[in-house]
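In: what would the 3D arrangement of this be:
(one chain, ligands or ions: 1)
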Amino acid sequence: MGSTLSVIASIALIRGTCHDLFPEELRCLLRNFSSRFSSELTMIIQDTHEGSSNHLFSAATSYLGSKALSAISSSIPRRLTAGRNESVRTLTFGLDRNSEVVDNYNGMPMKWRYNSDFNSTLNMDIEWYELTFDKKHVDIVETQYLCHIIDEAKRIKDQNRVLKLYTARSDRWNPTGITFDHPMTFDTLALDEDLIKRIIDDLDRFVNGKEYYKRIGKVRKRGYLLYGPPGTGKSSLIAAMANYLNFDIYNLNLSDISSDSSLEYLSLHVSNRSILVLEDIDCSIMLQNGEIEHPPGAIFMNKHAITFGGLLNVIDGLLSCCGDERIIVITTNHKERIDAALLRPGRMDIHICLSYCSFSMFKQLASNYLQISNHDLFGKIEKLIGEVQATPAEIAGELIDGNDPKNCLEGLIRFLESKESNAQPLNAPILASNLVENKPENEGHGQNSYKMTDLEDDVITNNNDEVKLGAAEFTSKTEVGEYIIKTESVAILRAVMLKHGDVAGNTFSYSVQYRASLLEIVCRIILELHAIDLRDVTEAQVKSLLTTVEDLESVGLEVDWLHQRLVLINEAIKLGENGSTPTQDMSENVQDIRETDLETKLLASEEDGLVLQEKCTHIEDKLVKLKAASDKLLETISNPEAQQSSNCSFHTSLVDGLL
Ligand SMILES: Nc1ncnc2c1ncn2[C@@H]1O[C@H](COP(=O)(O)OP(=O)(O)OP(=O)(O)O)[C@@H](O)[C@H]1O
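Out: The predicted model follows:
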């Protein structure tokens, strides 16, 4: 034992002496000399290059630090440095002075040696790596290996860094941001499994799609629209996305921004590999109600100074040119209030509807909060969740306070039952907020439905039972006149055109696609009016529809006839609720509608006598029907008992005469 120690001590002494006698410069010289006769080549990578810091050197530091302890490196260096600072999530390692590590790159050994020394000429420490490899691999090192190091270092750095959340104040981003430490991940997010998989696939394709985007000449940005009632997990999904991608979040409330130029400035100062979130956009960008004068084209402005054009510029213009790998997420509780131009693929590539809690979502929440995957009470909860609209936030709220699963689940059942007793029936009318998205295949609450487009802008719809590729919104379209619209709206639009002419004709300053999307909204309102049971409609719901129609009118759509009809329905509901009889006003209103229809048709047909005659006959036929309907309506409304027994006529009177 004593002799072993003395041998080690002697070696250390000799090494120390050699080190003192042969300074680093001399040893380098010797190595260079011997390399002339060697098959190996050594490349020096210094910390500075041509007067500025050398990115390859810092990339090598991160790369070798991650390799130093891993099994991929064939040799673990004798001396390592270790540490951690505020900007990273885990410990980081590095090579110590004169330490070596061998990295096997596709079977080719790459020897790395780290060195540092004091440079008396520069009066500072200098650091460098020596990378030694077989001369025959020089091309691979130059064209592949060094790029691989840079890419890997970037990935490692991104993966390890602490995420930041930036908010804007006085039109500037908070310069340091705050640490974003949200625990939500795709594992804990309660969402349909298949939907999560599709979102992850899309994110993966996006972050790994550098070459793809380059090839097709498209800027690497992706727009997501998250919409749905409050508490359905929009913010939670953003957090899960940020954690999955390791992207910082820039959260912008447009109401806080004073001008388009401030918005531009902020968008230019969003870093790459980040998510720009515009929350509750419908609250910040309002549809004008016609009271405010504004230049043509600037139809959607908020009460401050941001124009719709300014917003599009951020999404399409400046951001497109000046950033890379950016995701823009827009959230809203009312998708139908957002201009279709903003929602089109290329701007908002993926639309995700976050809806009320389904049973599978509840099971995920139960697993998160109570750590149970099954319970005797699950059957009852499944039934209630199928009948009641409860948001994941509400369900989570019931599960959060308590350690005893049984108590929590019983509390949840009581909560759902109380909701059920106050709730609308299942076939309740559709709120205006659901107009755009509540297509037949997505109907049924407690279900999670969504549409999303992938890189090639396919559309995927899901109603929990089936997943269709390339269906619905963007693919199944038909032409009506110059408008290309969803097939399901064709019959209605044709009928509207026949009866009211081209109601979007006055909006010619907008694109045909945009006008088509406005017409789609009209069709959907009519479709919904035909589908709903008017006995269950509340005044608030009709008012909501009215707001949408007013919005349409404010952009120039001629839908006064629809407006009047909704007013009439509203009146009828009020009368029905009060049990009173119709007023003279109301019967005049019905008469007005008939006369207006006739006048419009007559005027529109003035030029052509034959057409006029034909149309008159057609209109007269319709008037006869409308008269019968309105008589029935008046009769029904004047007799509340009859209204109960003949809801069918009531409905026919109020709705069917529309077209
Ligand atoms: N899908 C979900 N999975 C897990 N938890 C959820 C989910 N949805 C909501 N929650 C819970 O409810 C809380 C509120 O949800 P969140 O803020 O994500 O909803 P939101 O749709 O963004 O609401 P708002 O529109 O009001 O901003 C979250 O903190 C989370 O605890």
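In: who does F93 form a beta bridge with?
Out: Beta bridges link F93 to A82 when assigned by DSSP bridges.
In: all further residue positions should be reported with the first residue as 633.
Out: Okay, using 633 as the starting number, the last item reads as F725.
In: next, the contact list for it, please.
Out: F725 is in contact with 697-698, 700-701, 712-714, counting by CB atoms under 8 Å, 6 or more residues apart in numbering. Quick note: C-beta positions are derived from backbone N, CA and C, even for glycine.
In: how close does it get to the ligand?
Out: From F725 across to the ligand, the span is 36 Å (CB to the nearest ligand atom, to the nearest Å).
In: list the contacts of I907.
Out: The contact partners of I907, taken as CB under 8 Å, 6+ apart, are 870, 873-874, 877, 879-882, 958-961.
In: ok, now I1013?
Out: Each residue near I1013 by CB under 8 Å, 6+ apart is listed here: 991, 994, 1041, 1044-1045, 1048.
In: would you turn these into a markdown table with pLDDT and neighbour count?
Out: As requested, the contacts of I1013 are arranged in a markdown table below (pLDDT from 0 to 100; neighbours: other CB atoms under 10 Å):
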| residue | pLDDT | neighbour count |
| --- | --- | --- |
| F991 | 91 | 17 |
| F994 | 94 | 25 |
| L1041 | 94 | 23 |
| L1044 | 93 | 24 |
| I1045 | 94 | 16 |
| L1048 | 93 | 24 |
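In: return the closest of the residues you listed with respect to the ligand.
Out: The nearest member of the contacts of I1013 to the ligand, counting by CB to the nearest ligand atom, is F994 at 10.1 Å.
In: which bits of this structure sit near the ligand?
Out: Residues of the chain found near the ligand (CB under 6 Å from any ligand atom) are 821-823, 862-868, 965, 986, 1024-1025, 1028.
In: again, only using 8 Å
Out: Residues of the chain that fall close to the ligand, judged by CB under 8 Å from any ligand atom: 816, 820-823, 858, 860-871, 911-912, 963, 965, 986, 989, 993, 996-997, 1000, 1023-1025, 1028-1029, 1032.
In: mind putting the contacts of I1013 in a markdown table, secondary structure included?
Out: Below are these laid out as a markdown table (DSSP: H, G, I helix; E, B strand; the rest coil):
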| residue | secondary structure |
| --- | --- |
| F991 | helix |
| F994 | helix |
| L1041 | helix |
| L1044 | helix |
| I1045 | helix |
| L1048 | helix |
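In: before we move on, the earlier item: among the contacts of F725, which are in helices?
Out: Among the contacts of F725, DSSP state H puts 697-698, 700 in helices.
In: okay if I get the contacts of I1013 as JSON lines plus distance to N1202?
Out: Output for these, formatted as JSON lines (distance: CB to CB, whole Å):
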{"residue": "F991", "distance to N1202": "37"}
{"residue": "F994", "distance to N1202": "37"}
{"residue": "L1041", "distance to N1202": "42"}
{"residue": "L1044", "distance to N1202": "37"}
{"residue": "I1045", "distance to N1202": "37"}
{"residue": "L1048", "distance to N1202": "32"}
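In: nearest to D1134 among those residues?
Out: Closest approach between these and D1134, by CB to CB: F991, at 46.3 Å.
In: my guess is that closest one contacts E1014. True?
Out: Yes. Between F991 and E1014 a contact is recorded at 4.5 Å, counting by CB atoms under 8 Å.
In: which residues does the residue of the chain found nearest the ligand contact?
Out: Per CB to the nearest ligand atom, G865 is where the chain lies closest to the ligand, at 2.8 Å. The neighbours of G865, taking CB under 8 Å, 6+ apart as the test, are 821-823, 986, 1024-1025.
In: among those residues, the buried ones, what's the ChimeraX command?
Out: Typed into ChimeraX, the line below selects the buried ones among the contacts of G865, using 16 or more other CB atoms under 10 Å:
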select :821,822,823,986,1024,1025
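In: inside strands: which ones of the contacts of G865?
Out: Assignment to strands by DSSP state E places none of those there.
In: now intersect the contacts of G865 with the helices, please.
Out: Using DSSP H, those in helices are 1024-1025.
In: just the contacts of G865 now: which is nearest I1157?
Out: L986 (23.5 Å).
In: what's the nearest residue to H769 if we skip its chain neighbours?
Out: Once flanking residues are discounted, H769 sits nearest to M740: 5.2 Å by CB to CB, 6 or more residues apart in numbering.
In: and that neighbour, what pLDDT?
Out: At M740, the pLDDT value in this model is 93.
In: just the one 5 residues further on next, same as before
Out: The predicted local distance difference test score for R745 is 92.
In: that one: what's it in contact with?
Out: When contacts are counted by CB under 8 Å, 6+ apart, R745 touches 727, 730-732, 761-762, 764.
In: out of these, who's the most crowded?
Out: L727 (24 neighbours; other CB atoms under 10 Å).
In: how close does that residue sit to Y1001?
Out: In this view, L727 and Y1001 are 46 Å apart by CB to CB, to the nearest Å.
In: just to revisit the earlier point, just send the contacts of I907 back as JSON lines, with secondary structure too.
Out: Listed next are the contacts of I907 as JSON lines, based on three-state DSSP:
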{"residue": "I870", "secondary structure": "helix"}
{"residue": "M873", "secondary structure": "helix"}
{"residue": "A874", "secondary structure": "helix"}
{"residue": "L877", "secondary structure": "helix"}
{"residue": "F879", "secondary structure": "coil"}
{"residue": "D880", "secondary structure": "strand"}
{"residue": "I881", "secondary structure": "strand"}
{"residue": "Y882", "secondary structure": "strand"}
{"residue": "R958", "secondary structure": "strand"}
{"residue": "I959", "secondary structure": "strand"}
{"residue": "I960", "secondary structure": "strand"}
{"residue": "V961", "secondary structure": "strand"}
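In: would you write out the ChimeraX command that picks the buried residues out of these?
Out: Buried members of these, defined by 16+ other CB under 10 Å, are picked up in ChimeraX with:
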select :870,873,874,877,879,880,881,882,958,959,960,961
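In: one step back: so which of the residues of the chain next to the ligand belong to strands?
Out: 858, 963.
In: hmm, which of the residues of the chain next to the ligand are the buried ones?
Out: With burial judged by 16+ other CB under 10 Å, the buried subset of those is 816, 820-823, 858, 860-861, 863-871, 911-912, 963, 965, 986, 989, 993, 996-997, 1000, 1023-1025, 1028-1029.
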